[in-house]
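Peer 1: sequence below, structure please.
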Amino acid sequence: MQPQVFTHARMSSDEVTAHLTDSGFDIGPPSTVRRTVLDTFDGRLAAAGMRLELREGDHWELVLTDDASLPAHLAVTDVPSSAASLPAGPIRARLGPVLGVRALLPFVSVTARRLVAVRRDGAGKIHVRVVVQDRLAIEGGGRASPAWGVEVDELEGYDKDARQARAVLASLGLKARPIGLLDLIADRAHVDLRGYDGSPSVALSREEPAGDGFRRVLVRLADTIDANWDGTVHALDPEFLHDLRVAVRRTRSVLAQAKGVVPSAERARFREEFGWLGSVTGPARDLDVYVTEWDGYVASLGPETAGQLEPVLAHIAGRRREEHAALAATLTSDRYRRVQAAWRAWLDPEGEEPGQQAPSAARPLGSVVALRVAAAQEQVVMRGRSIGPDSPATDLHELRKDAKKLRYLLECFGGVLAGAPRKAFVQQLKALQDNLGEHQDTEVHSDRLREISRELHREPGVTAETLLAMGRLTEHFEQRRQAARDEFAQRFAAYDTKRTRRNLDDLIGSATGR
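Peer 2: The predicted structure is shown next:
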């Protein structure tokens, strides 16, 4: 269960320990502890109702708490970088599905003097621990508020003793807060333990000028690019690059839809610049997907074939490191800095000169978004209906791009679209996108494997078994691609329905106010 902290505005921590002694608790010698909340950049543990804490004192341990069970403890010798860096066991098993490939990062660190008060039975067995922590200081931020706090460690099987300990603290006038000490300190220090919210949504009004609404959406996307820049440059985990890349693609899509809303010269310039940024982030991301999804790719081939493919994975991992190094150089280059500075300068409305507004910038945002959504949906339906059994794969790839443009519109301008019909519409669109994505991804993977096969042919020590195993993996991708292609007609028919059109009408109506 999540801890709660007891505090008092006027009482000192020494008075609390004196009262605990009078109440039959034994007070151990003081020690110094450093407590750090660990979570992913996007706060996955917080979203799951979990809290992971690293405690550094006489020994190091991880403490995992949630709303449903008692804290779990694990002795460690260093700071874990991810779930995969933890030893096999209950804590790793609980964290792995939540964290995925994301890195664990420090959110807030606090040092304290720690006094542990325990109550024992006649045999000397500890039934409850009360931890008094004072002289609190936030790392890099000076003294913490509150200056001290008390937490009760509930031991399995002794919940009654924990309740009695809390009653003792309450009888002293201490106030129980329904959060832990670190939560309280982080809140007072304005540290958000929920992590970064990468949603593109911003508060919008359908009556506001379209130019203002588009600009605020683009500012939000620029903030997301900046927020993920450091993690991408240092390759902390693959999701930083993924989220940066998605924000870049959304930016390009919003600019593509901004004809008549953003001045034509700026629109053309920045579409080109973000096109460049999208192209330079692609190779590293493609290799990230290969490495992170590798186990799933080879699972159906059996352990023997998977073992024969180890040199291929090593080759891909090496190329991945090279591409990330090249990307880091690009993201720290003068060109990147110039692009970002110019982009931020344009996004600042104070810097806009009179007469620069595009012809549709003053129109109501809702009506502009409604027209763009309707046009994007018409393009998806028109292209989808033109695809038959003999259509080339490029037609499906173009449809996938059309569907992405529509999806980005719905995500970025959700503030002027009613929630229920938007959710229903996106659910239908996503089912189609999943099919198109499977088709394209497996085709790209097959092409990439053929390229790697040619590269490995020239390397000494690569066995015939490895090359044959690559052929089996390529065939596996091709089978998946063909299955997606065979399923396309059914997926598109399920999307091109009266229900979809009704949801679209509701969306457009919510944007225009009719």
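Peer 1: OK, contacts around Leu287?
Peer 2: For Leu287, the contacting residues are 316, 319-320, 323, by C-beta atoms under 8 Å, 6 or more residues apart in numbering. Glycine gets a C-beta too; all of them are placed from N, C-alpha and C.
Peer 1: could you measure from the closest residue to Gly49 other than its chain neighbours over to Leu417?
Peer 2: Nearest in space to Gly49, with sequence neighbours left out and distances taken as C-beta to C-beta, 6 or more residues apart in numbering, is Asp67 at 4.7 Å. In this view, Asp67 and Leu417 are 33 Å apart by C-beta to C-beta, to the nearest Å.
Peer 1: which of the two has more residues huddled nearby?
Peer 2: With neighbours defined as other C-beta atoms under 10 Å, Asp67 and Leu417 compare such that Leu417 has more, 28 against 10.
Peer 1: quick one: the more buried one from Gly513, how far?
Peer 2: Distance of Leu417 to Gly513, computed by C-beta to C-beta: 12 Å.
Peer 1: about what we covered before: among the contacts of Leu287, who's most crowded?
Peer 2: Arg320 (21 neighbours).
Peer 1: what's next to the helix or strand containing it, contact-wise?
Peer 2: Assigned by DSSP states H and E, Arg320 falls within helix 310-331. Contact partners of helix 310-331, identified using C-beta under 8 Å, 6+ apart, comprise 229, 232-235, 241, 280-281, 283-284, 287-288, 290-291, 294, 336, 449, 452, 455-456, 459, 461-463, 466, 469-470, 473.
Peer 1: just the buried residues from these, in ChimeraX please.
Peer 2: In ChimeraX, selecting the buried portion of the contacts of helix 310-331, with burial taken from 16 or more other C-beta atoms under 10 Å, looks like this:
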select :229,232,233,235,241,280,281,283,284,287,288,290,294,336,449,452,456,462,466,469,470,473
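Peer 1: let me know the secondary structure of Ala117.
Peer 2: For Ala117, the assignment made with DSSP: H, G, I helix; E, B strand; the rest coil gives strand.
Peer 1: so how far is Ala147 from it?
Peer 2: 18 Å.
Peer 1: domain parsing for the chain?
Peer 2: Using automatic domain parsing, the domain ranges for the chain come out as 5-188, 210-512.
Peer 1: what are the buried residues along the helix holding Arg320?
Peer 2: In terms of neighbour count (16+ other C-beta under 10 Å), helix 310-331 has its buried residues at 311-313, 315-316, 319-320, 323-324, 327, 330-331.
Peer 1: among these, which two are most distant?
Peer 2: Largest separation among these by C-beta to C-beta: Pro311 and Leu331, giving 30.4 Å.
Peer 1: what angle separates the longest helix along the chain from helix 310-331?
Peer 2: Across the chain, the longest stretch assigned as helix under DSSP state H is helix 419-457. Using axes from the mean of the first three to the mean of the last three C-alpha atoms, to 10 degrees, the inter-axis angle of helix 419-457 relative to helix 310-331 is 120 degrees.
Peer 1: tell me which strands and helices helix 419-457 is in contact with?
Peer 2: helix 264-292, helix 310-331, helix 393-412, helix 464-495, helix 498-512 (3 or more C-beta pairs under 8 Å, 6 or more residues apart in numbering; DSSP states H and E).
Peer 1: single out the most deeply packed of these.
Peer 2: Burial of these is given as mean neighbour count (mean count of other C-beta atoms under 10 Å); helix 393-412 ranks first at a mean of 19.
Peer 1: hang on, Ala170 packs against Ala176?
Peer 2: Yes. Ala170 lies in contact with Ala176 (C-beta atoms under 8 Å); the separation is 6.6 Å.
Peer 1: which residues are common contacts for the two?
Peer 2: Counting by C-beta under 8 Å, 6+ apart, the contacts common to Ala170 and Ala176 are Phe6.
Peer 1: now do the helices in the stretch 1-150 of the chain.
Peer 2: Assigned by DSSP state H, counting those that start in this stretch, the stretch 1-150 of the chain shows helices spanning 13-22, 44-47, 90-99.
Peer 1: what does the first one rub up against?
Peer 2: What that stands for is helix 13-22. Residues contacting helix 13-22 (C-beta under 8 Å, 6+ apart): 8, 27, 115, 117, 130, 132-134, 147-148, 150, 168-169, 172, 174.
Peer 1: likewise for stretch 131-147?
Peer 2: With C-beta under 8 Å, 6+ apart, stretch 131-147 has contacts from 7, 13, 16-17, 20, 33-34, 108-117, 148-153, 181, 184-185, 188-189.
Peer 1: in PyMOL, how would I select the buried members of the residues you listed?
Peer 2: Selecting the buried subset of the contacts of stretch 131-147 in PyMOL, with 16+ other C-beta under 10 Å as the burial test, is done by:
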select buried, resi 7+13+16+17+20+33+108+109+110+111+112+114+115+116+117+148+149+150+151+152+153+181+184+185
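Peer 1: now, the contacts of stretch 131-147 that are in strands?
Peer 2: The strands, defined by DSSP state E, take in 7, 33-34, 108-117, 149-153 from the contacts of stretch 131-147.
Peer 1: leaving out chain neighbours, which residue sits closest to Val63?
Peer 2: Glu53 (4.7 Å).
Peer 1: pretty sure the one you found sits against Leu38.
Peer 2: Yes. Judged on C-beta under 8 Å, Glu53 makes contact with Leu38 at a distance of 7.0 Å.
Peer 1: now do the SS call for the residue lying closest to Gly43 once chain neighbours are set aside.
Peer 2: Distance criterion C-beta to C-beta, 6+ apart; nearest residue to Gly43, sequence neighbours excluded, is Gly195 at 2.2 Å. Here Gly195 is coil, with the state taken from three-state DSSP.
Peer 1: identify the bridge partners of the residue nearest to Val63.
Peer 2: Judged by DSSP bridges, the bridge partners of Glu53 are Val37, Val63.
Peer 1: quick one: the residue of the chain most remote from its centre from Asp434, how far?
Peer 2: Here the chain reaches farthest from its C-alpha mean at Gly122, the gap being 50.7 Å by C-alpha atoms, centre = their mean. In this structure, Gly122 and Asp434 are 63 Å apart, going by C-beta to C-beta.
Peer 1: do Tyr290 as well
Peer 2: Separation of Tyr290 from Asp434 (C-beta to C-beta) stands at 19 Å.
Peer 1: within its sheet, name the partner strands of the lowest-mean-pLDDT helix or strand in the chain and how each one runs.
Peer 2: Using mean pLDDT, DSSP states H and E, the weakest-scoring helix or strand in the chain turns out to be strand 142-143, at a mean of 73. As defined by DSSP bridges, the strand partners of strand 142-143 come to strand 126-138 (antiparallel).
Peer 1: and the angle for the strand it pairs with with helix 13-22?
Peer 2: 180 degrees.
Peer 1: and the angle from strand 126-138 to strand 149-154?
Peer 2: 150 degrees.
Peer 1: give the buried residues for strand 126-138.
Peer 2: Of the residues in strand 126-138, 127-134, 136-138 count as buried by neighbour count, 16+ other C-beta under 10 Å.
Peer 1: re earlier: which of the contacts of helix 13-22 lies closest to Glu398?
Peer 2: Closest to Glu398, out of all of the contacts of helix 13-22 and judged by C-beta to C-beta, is Gln133, at 60.5 Å.
Peer 1: need the nearest residue in space to the closest one, chain neighbours excluded.
Peer 2: Gln133 sits nearest to Ala112 (C-beta to C-beta, 6+ apart), 4.1 Å away.
Peer 1: go on, Val219?
Peer 2: Leu347 (5.2 Å).
Peer 1: repeat for Ala186
Peer 2: Val108 is the one closest to Ala186 (C-beta to C-beta, 6+ apart), at 4.7 Å.
Peer 1: and that neighbour, what does it touch?
Peer 2: 36-37, 138-139, 182, 185-186, 189, 191, 193 are the contacts of Val108 under C-beta under 8 Å, 6+ apart.
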